[in-house]
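Peer 1: For reference, the sequence and a predicted model appear below.
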Amino acid sequence: MKLWSQFFIPTLKESPADAEIASHKLLVRAGLVRKLGGGLYTYLPLGLRVMRKITQICREEIDRGGGIELEMPHLHPAENWVQGPRWSAAREIMFRTDSAGDGKRAPREPEFVLGPTHEEVITPLVKAEITSYRDLPKNFYQIATKFRNEIRPRYGLMRAREFVMMDAYSFDVDDAHAIASYGKMKAAYEAFFRRIGVTAIAVEADTGVMGGSHSHEFMVPAEIGDDDVIYNEASGYAANREKARSALVPAGLTDAAPTGATEEFATPGIVTIAALEAAPHAVPADNQFKTLVFMGDGKPFLVILRGSDELEEAKLGSLGFTLFRAATPEEIEPVMGARPGSLGAVRGTIKNPGALAGVFADAAIRLIGNGVTGANRDGFHLRHVNVTRDLAITKFGDFRRVRAGEPDPTNGQPLQSRRGIEVGHIFKLGTKYSEKYGAAYTDDQKQSHPMVMGCYGIGISRTLQAVIEQSHDADGIVWPWAVAPFQVLICVLDPQLPEAMELARKLAVAAETAGADVLVDDRAERPGVKFKDADLIGLPLRITIGGKGLKEGIVELKARTSKDVLKLPLAEAETRIADAVRVRAG
RNA sequence: CGGGGCGUAGCUUAGCCUGGUAGAGCGCCUGGUUUGGGACCAGGAGGUCGCAGGUUCGAAUCCUGCCGCCCCGACCA
């Protein structure tokens, strides 16, 4: 039992000016966190209690899924990263540290980085410690602070520079066993989110800079989420838009025959799809070929899409470049012979085709058959361009952004789209890290093999905020039982009455014995203030002890989720409260 | 990092355009009246107006630079 007057819950009537979304406002207003700087937050006592509860449930479920807890340093020798496979891709999000020195000369020390994730630490550890198939599988995890120099921290704990994450790393003898480990973690995640009272759905996801073959993200549906989930309820298909597929291009599609010889026509000043759509040319966007130029590891490559489609940039990750970015007009012209707006991939029109690392076409351009594209001559386009006859395509792929309404790839029904917050991610990594660091084992035939890895993350602090985003009303937070900082609030309206406080202590003991954490509001505040604060901090059960009720011989019991107030005769109060707690505690 | 916005008391903010003693509400302190959904009255403390330059007799206000924060984009748990 905690007495409010001896605890620290600084609630606010007004929302801080820098908070935009409900959960961020409530985090601050309910006295859970305070901001230190952009993306940096202090967990106040109430917030810390929630973090601990989420952390503990996470630990229990990961343990149940076979995880072994350890803790690695937050400070990493940069050397570990330089040796790894993604130093160049990941260094931009890392904080580098050194000694503050004596202020007189530049410190000369090994370079350190603050850990954004721990593959670069765990893999060398496992390499050194595990060498036999007899010691596999192993799945190590920790729940610890991570540091990422987010370009734009946002929405309170939602995207912070310093945040708490559960990160796990599995090591298996082969692919089949790695998939089993992956499956166990997926089940553990589902159990975790269920227990903390959060709806999180597993969706297919892009692997990003982590690499690896496949992955799922766990998404909490929310309007303010950063990600779009493409899904269909009937089929159960769900994917991050970055990864989503659709059956837009029918499997049996036959390629259109040419309609005539390609023909150049003048389009002075027309450099956008929309402009070519307008009169006098009137070429529909879905009859145009859009030609984009990217730089992949220093070499230009082309991506061709339908004019009506958007590029889904994440999908270019499948092309195998370590780093890629859009090319600048200065880079484009010498290769293509024209500036953006008049580009095309028709054979023979590209000025310097040898410079290209490839021409990658989205499969949907096959729906065009014969269309219009840039002539690689400023102010000119080509018509009657046939996909198979004319375009210098290296490879077809899926590069377009899927839109709601397109057919589900599994059942053909229309796909839907909604926003979500990514709270967890699981990756099947393969041998990318184990090969790089030499983490290998010897099998029973004395053969050496790289271990097959998986890695898994849950954003604990982000999940905390996602809980609030998903569970609040106009008055404040509505905590799910399992993660509430306290489950029972005893509101003593007349704390100056000794019999009121005595009763509060008695009821607190009853609730605690039944399995609840109890907060007693013993402040010398007016009832209105106490009720407003009670709703704001959102504890699941509220017991009200007032002078009036005591004269009547009752106390009141109210759930945060309900408007109904139960009047409990004093003689029954302890048992009734204990029952109410047991029902919810399960 | 590109685009936009904002920095005034612990919090929310007015004042800035059109330069001339920095104001309110909440919170805090004292006293009193109150006491079942953010009370009222009286008194009080609290501000180098983000920082540094500049223009001016005079700058919160105009100009320049920097810093910080928020929003949109690319990245992520």
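Peer 2: Nice, I can see it. A quick note: this is a predicted structure, and the numbers were derived from the prediction, not measured. Numbers count the residues shown, from 1 in each chain, chains lettered A, B, ... in the order given.
Peer 1: Pull out the buried residues from the helix-or-strand element of chain A with minimal mean pLDDT.
Peer 2: Among the helices and strands of chain A, strand A:324-326 carries the lowest confidence by mean pLDDT, DSSP states H and E, at a mean of 82. For strand A:324-326, the neighbour count (16 or more other Cβ atoms under 10 Å) marks A:Phe324 as buried. Glycine gets a C-beta too; all of them are placed from N, C-alpha and C.
Peer 1: same check, this time on stretch A:14-24
Peer 2: Buried-residue list, stretch A:14-24, by 16+ other Cβ under 10 Å: A:19, A:21-24.
Peer 1: Any residue of the longest strand along chain A touching RNA strand B?
Peer 2: Across chain A, the strand with the greatest residue count (assigned by DSSP state E) is strand A:416-430. Yes: using Cβ under 7 Å from any atom of the strand, strand A:416-430 reaches RNA strand B at A:422-425.
Peer 1: Generate JSON lines for those residues, with pLDDT and neighbour count as supplementary columns.
Peer 2: JSON lines is the format used below for the residues of strand A:416-430 next to RNA strand B (pLDDT from 0 to 100; neighbours: other Cβ atoms under 10 Å):
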{"residue": "A:Glu422", "pLDDT": "93", "neighbour count": "23"}
{"residue": "A:Val423", "pLDDT": "95", "neighbour count": "26"}
{"residue": "A:Gly424", "pLDDT": "95", "neighbour count": "27"}
{"residue": "A:His425", "pLDDT": "94", "neighbour count": "22"}
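Peer 1: what comes up buried for the next helix or strand along the chain from the least confident helix or strand of chain A?
Peer 2: With elements assigned by DSSP states H and E, the helix or strand that comes after strand A:324-326 is helix A:329-336. For helix A:329-336, a neighbour-count test (16+ other Cβ under 10 Å) marks A:332-333, A:335-336 as buried.
Peer 1: nearest to A:Ser132, of those residues?
Peer 2: Distance to A:Ser132, by Cβ to Cβ, is smallest for A:Val335 among the buried residues of helix A:329-336, at 52.6 Å.
Peer 1: Model confidence score at A:Val209, please.
Peer 2: A:Val209 carries a pLDDT value of 55.
Peer 1: Just give me the residue right at the centre of chain A.
Peer 2: A:Glu422 (2.5 Å; Cα atoms, centre = their mean).
Peer 1: Who is that residue paired with across the strands?
Peer 2: A:Met219 (DSSP bridges).
Peer 1: Setting aside sequence neighbours, what's the nearest residue to A:Arg96?
Peer 2: Spatial nearest neighbour of A:Arg96, chain neighbours left out: A:Val113 (5.4 Å); criterion: Cβ to Cβ, 6 or more residues apart in numbering.
Peer 1: From the rest of the structure, what touches the least confident helix or strand of chain A?
Peer 2: A:292-297, A:301, A:316 (Cβ atoms under 8 Å, 6 or more residues apart in numbering).
Peer 1: is that strand anywhere near RNA strand B?
Peer 2: No: contact between strand A:324-326 and RNA strand B is absent, the nearest approach being 8.2 Å (criterion: Cβ under 7 Å from any atom of the strand).
Peer 1: Centre of the chain to that strand, how far?
Peer 2: 23 Å (Cα atoms, centre = their mean, to the nearest Å).
Peer 1: can I assume A:Arg462 is in contact with A:Phe163?
Peer 2: Yes: A:Arg462 is within contact range of A:Phe163, at 6.5 Å (criterion: Cβ atoms under 8 Å).
Peer 1: got any residues that touch both of these two?
Peer 2: Taking Cβ under 8 Å, 6+ apart as the criterion, A:Arg462 and A:Phe163 both touch A:Leu157.
Peer 1: residues contacting the residue nearest to the centre of chain A?
Peer 2: Per Cβ under 8 Å, 6+ apart, neighbours of A:Glu422: A:217-219, A:225-227, A:459, A:462.
Peer 1: In PDB, please show the C-alpha coordinates belonging to whatever helix or strand comes next after the longest strand of chain A.
Peer 2: The first helix or strand that comes after strand A:416-430 along the chain, using DSSP H and E, is helix A:432-437. Coordinates of each C-alpha in helix A:432-437 appear next as PDB, following Å, rounded to 0.1, in the frame of the first residue of the first chain:
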ATOM      1  CA  LYS A 432      24.500 -13.200 -42.100                       C
ATOM      2  CA  TYR A 433      26.000 -12.400 -38.600                       C
ATOM      3  CA  SER A 434      27.300 -15.900 -37.700                       C
ATOM      4  CA  GLU A 435      29.300 -16.100 -40.900                       C
ATOM      5  CA  LYS A 436      30.700 -12.600 -40.500                       C
ATOM      6  CA  TYR A 437      31.800 -13.300 -36.900                       C
END
